[in-house]
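>>> Have a look at this prediction, sequence included:
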Amino acid sequence: MVSQEQRRRQLAREKFLRQQQRRTSARRKARMRNAVIASVLGVVVIGSLALYTTGVLKGDDDSKENAGAEVTPSATPSKAPDPCDKPAAGKVKTATWKKEPELTVDKSAKYAMKLATTCGDIDIDLKASAAPHTVNSFEFLAKKGYFDHSKCHRLTDSSIYVLQCGDPQGTGMGGPGYTIPDENLKDTSLKGGVYPAGTVAMANQYNGQTKEGRNTGGSQFFLVYQDSQLPADYTPFGTVSEAGMKVLKKIADAGAQPADPTTGNTAPNATVVINKATVSKS
């Protein structure tokens, strides 16, 4: 006859094995998704960043030797309080366009972008002369209210330190319907394969292994809050102000959520919503 203690241990082992199977299945789906993600229209990722966020490059911490061990419940880590305010009232816009807007940016002028977010204002000096197509696109989209009320859907806090925004869908799969060319990839700030803290750059579909996916930027962009090792494949088109870096640090300090099994995104714990985005010329 099986004792209660033996039965309890058996149930614990079965529970552990089910958890192992779910994790293995999630990793397999992540690998399959990353194998095709660069070829899916509208999917915008940051090369190796997408691998980190889905856990593909991380080691497997599940040891088979523990399969028969007794599983004891662990305390759920406490979540840090949300450092940001509630989003302003309003809905994201879903408009798309068939082609890149006409290039009207003045390459001799100074442009700045302000992201009025729930966590504070992030001011960005834009590089119109070095990345005219990118700045022109952002001016166009900001005037259309494209970024307003959209979430920043991804925060990475290991090896690569960025906050990614610019997708009204909030999934990392959205875009404006058109693409813009890569620009400014030889910017002097990109030394030693590092995007320095304060850099604002475009996400795209470029695959460094197949060398396919150039000139596929859309609306998604990332803000680097700490020096990050990345190849010079992503258009650097702006620099965050000192005050804006403090806002980014506040967001980063709140940490990121576990990877979403569907999208692979590690969303920030902070509620980061762009209430209003504006681009101004001076």
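Everything's here; your move.

>>> Confirm P81 sits in a helix?
No. Counting by DSSP: H, G, I helix; E, B strand; the rest coil, P81 is not found in a helix; it is coil.

>>> Name the helix or strand of the chain that has the lowest mean pLDDT.
helix 47-54 (a mean of 42; mean pLDDT, DSSP states H and E).

>>> Now P176. Nearest residue, chain neighbours left out?
Excluding its sequence neighbours, the residue lying closest to P176 (C-beta to C-beta, 6 or more residues apart in numbering) is S219, at 4.7 Å. From N, CA and C alone the C-beta is placed, and that goes for glycine too.

>>> For that neighbour, give its distance to V272.
Here the criterion is C-beta to C-beta, to the nearest Å. By it, S219 lies 16 Å from V272.

>>> in the stretch 51-200 of the chain, which spans are helices?
Along the stretch 51-200 of the chain, the segments classed as helices by DSSP state H, counting those that start in this stretch run 132-143.

>>> Report the residue spans of it with pLDDT below the cut-off.
Within the stretch 51-200 of the chain, the segments meeting pLDDT under 70 span 51-79.

>>> Can you show me the strands along it?
111-117, 120-126, 150-151, 154-158, 160-165, 194-195, 199-202 (DSSP state E, counting those that start in this stretch).

>>> May I have the strands that pair with the very next helix or strand once past the last one, each with its orientation?
Right, strand 199-202. The element immediately downstream of strand 199-202 (helix or strand, assigned by DSSP states H and E) is strand 221-224. Note on strand 221-224: by DSSP bridges, its sheet partners are strand 160-165 (antiparallel), strand 199-202 (antiparallel).

>>> With mean neighbour count and distance to D253 added, can I get those strands in TSV?
Output for the strands paired with strand 221-224, formatted as TSV (neighbours: other C-beta atoms under 10 Å; distance: least, C-beta to C-beta, whole Å):
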stretch	mean neighbour count	distance to D253
strand 160-165	24	12
strand 199-202	27	19
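
>>> hmm, who's touching the longest strand seen in the chain?
In the chain, taking DSSP state E as the definition, the longest strand is strand 273-281. Outside strand 273-281, the residues within contact range by C-beta atoms under 8 Å, 6 or more residues apart in numbering are 84, 87-88, 90, 106, 109-118, 126, 135, 138-139, 141-143, 146-152, 165.

>>> buried sites along it?
Neighbour counts over strand 273-281 (16 or more other C-beta atoms under 10 Å) mark 273-277, 279 as buried.

>>> With stretch 117-129 instead?
117-120, 122-128.

>>> Same check on stretch 185-203?
Of the residues in stretch 185-203, 185, 187, 190, 194-195, 197-203 count as buried by neighbour count, 16+ other C-beta under 10 Å.

>>> List phi and psi for A88.
phi -70, psi 150 (degrees, to the nearest 10).

>>> Thought S150 was touching it, still the case?
No. Between A88 and S150 there is no contact under C-beta atoms under 8 Å: 11.8 Å.

>>> okay, S219 and V272: which has more neighbours?
V272 (29 against 25; other C-beta atoms under 10 Å).

>>> show me what contacts the more buried one?
By C-beta under 8 Å, 6+ apart, V272 lies in contact with 84, 117-119, 151-152, 155, 163, 165, 251.

>>> Can you add distance to T210 and give those back as TSV?
TSV is the format used below for the contacts of V272 (distance: C-beta to C-beta, whole Å):
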residue	distance to T210
C84	38
T117	35
T118	38
C119	37
K151	30
C152	28
L155	27
L163	27
C165	27
I251	33
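
>>> Looking at the residues you listed, spot the one nearest Q10.
Taking C-beta to C-beta as the measure, Q10 lies nearest L155 of the contacts of V272, at 40.3 Å.

>>> measure that closest one to Q209 for me?
25 Å.

>>> Mind checking which of the two has more residues around it?
L155 (27 against 7).

>>> Excluding chain neighbours, give the residue nearest to that one in space.
Nearest residue to L155 in three dimensions, chain neighbours excluded: P268, at 3.8 Å (C-beta to C-beta, 6+ apart).
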